[in-house]
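> Sharing a model that was predicted from the sequence below.
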Amino acid sequence: IKTILFDNYQETLILKNKFHNQVINLNEKKSKTFVIKTQHDSYLHLDSIDGFLAQTPDISTTNNPIYGIIYDEDPDTIYLVSQENEQVSNINFHIKDKQQKSFCYRFQIVPSHNNSVFLRDPCTNKYLSCVPLDLGGDITCNRQDHSAWEQFSLIENSFQFETLSSIKYYFNYQHFVDFLLKHNLNYNDFLIASSNLDTKSRELLLEESDKTLSWIV
């Protein structure tokens, strides 16, 4: 149903802007999906469907794995999301020390050694950090500097989210709509892109869609 709602919204938007010079990107497979492993051999998941980012020793047994999506055209950015029926979930979850909860969190990828990376919040420049499970297993995003607890390995997953267009960081409603008109987005792309909108732009998006998108964003 959520996918249908988005498709209807996109078609209506195009009809309202029928004189807009739309550019359709026909390339498919625009991203890669990863599971995220800590340096303590645990994996990122949610402690409940709308709970907190947490760790599990076995990713294959969790009901709520966390995935990282990296778009081919933006290899220095990763989006942390959960899954619902093979789509990106729109259910908000929490990360400690992040002021607002979201269904999608954007991080900058900072290379480390041995193919590991650090994940840095682009708004605060703080690093995501995982305390070992035997010391409590807390995950926070409050570290000014990085060390072993802030290192992660990105492991390409057999399951891949379907995406069509690389995402731009639009916080303004009109820029966001222009982006939708110029690119061939699917439901997953739309969700990830909309997660960057500020509160006022998100409210305007809902208003302009006649509340059609209230089930989604």
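Great, that's in hand. Predicted, not measured: the structure shown is a model, and the values here were computed from it. Numbering: from 1, shown residues only.
> residues contacting Asn196?
Shown in contact with Asn196 (C-beta atoms under 8 Å, 6 or more residues apart in numbering): 106, 167, 169-171. (Each C-beta comes from the backbone N, C-alpha and C, glycine too.)
> go with 10 Å
79, 102, 104, 106, 167-172, 176, 202 (C-beta atoms under 10 Å, 6 or more residues apart in numbering).
> Ramachandran angles for it?
The phi and psi values for Asn196, taken as degrees, to the nearest 10, are phi -90, psi -10.
> repeat for Asp189
According to degrees, to the nearest 10, Asp189 has phi -60, psi -50.
> Burial check on it, number of neighbours?
Residue neighbour count, defined by other C-beta atoms under 10 Å, stands at 26 for Asp189.
> Would you mind measuring from it to Thr3?
Look at Asp189 and Thr3: by C-beta to C-beta, to the nearest Å, they are 12 Å apart.
> picking up where we left off before, filter the contacts of Asn196 down to just the ones in helices.
Judged by DSSP state H, the contacts of Asn196 include 176, 202 as members of helices.
> Among the contacts of Asn196, which one has the most neighbours?
The most neighbours of any of the contacts of Asn196, using other C-beta under 10 Å, belong to Ile167, which has 28 neighbours.
> Check what pLDDT Gln39 gets.
Looking at Gln39, its pLDDT is 94.
> could you list every residue that touches it?
Counted by C-beta under 10 Å, 6+ apart, Gln39 has contacts 112, 114, 116, 130, 132, 147-153.
> I only care about these that end up buried; give me the ChimeraX line for that.
Buried members of the contacts of Gln39, defined by 16 or more other C-beta atoms under 10 Å, are picked up in ChimeraX with:
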select :112,116,130,132,149,150,151,152,153
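> Out of the contacts of Gln39, which sit inside strands?
130, 151-153 (DSSP state E).
> quick one: contacts of stretch 115-126?
Here stretch 115-126 has contacts from 36-39, 44, 68, 76-78, 80, 95, 97-99, 105-112, 127-129, 140-148, 150-154, 169, using C-beta under 10 Å, 6+ apart.
> rerun at 8 Å
39, 78, 97-98, 106-112, 127-128, 141-144, 146, 150-154.
> remind me which residues of this structure are low pLDDT?
When residues are selected by pLDDT under 70, those of the chain lie in 1, 13-29, 170.
> Could you pull out the helices in it for me?
Under DSSP H, the chain gives helices at 2-16, 173-182, 187-194, 199-208.
> what about those helices, which gets the closest to Pro57?
Pro57 sits nearest to helix 187-194 of all those, at 28.4 Å, using C-beta to C-beta.
> what's the angle from the closest one to helix 2-16?
Calculated by axes from the mean of the first three to the mean of the last three C-alpha atoms, to 10 degrees, helix 187-194 forms an angle of 70 degrees with helix 2-16.
> any idea how far helix 187-194 is from the chain center?
Counting by C-alpha atoms, centre = their mean, to the nearest Å, helix 187-194 is centred 8 Å from the centre of its parent chain.
> again with stretch 152-159
15 Å.
> on that earlier part again, now for the contacts of Asn196: which two are most distant?
Of all pairs drawn from the contacts of Asn196, the greatest distance, 19.4 Å, lies between Tyr79 and Asn172 (C-beta to C-beta).
> Fine, thanks again, bye for now.
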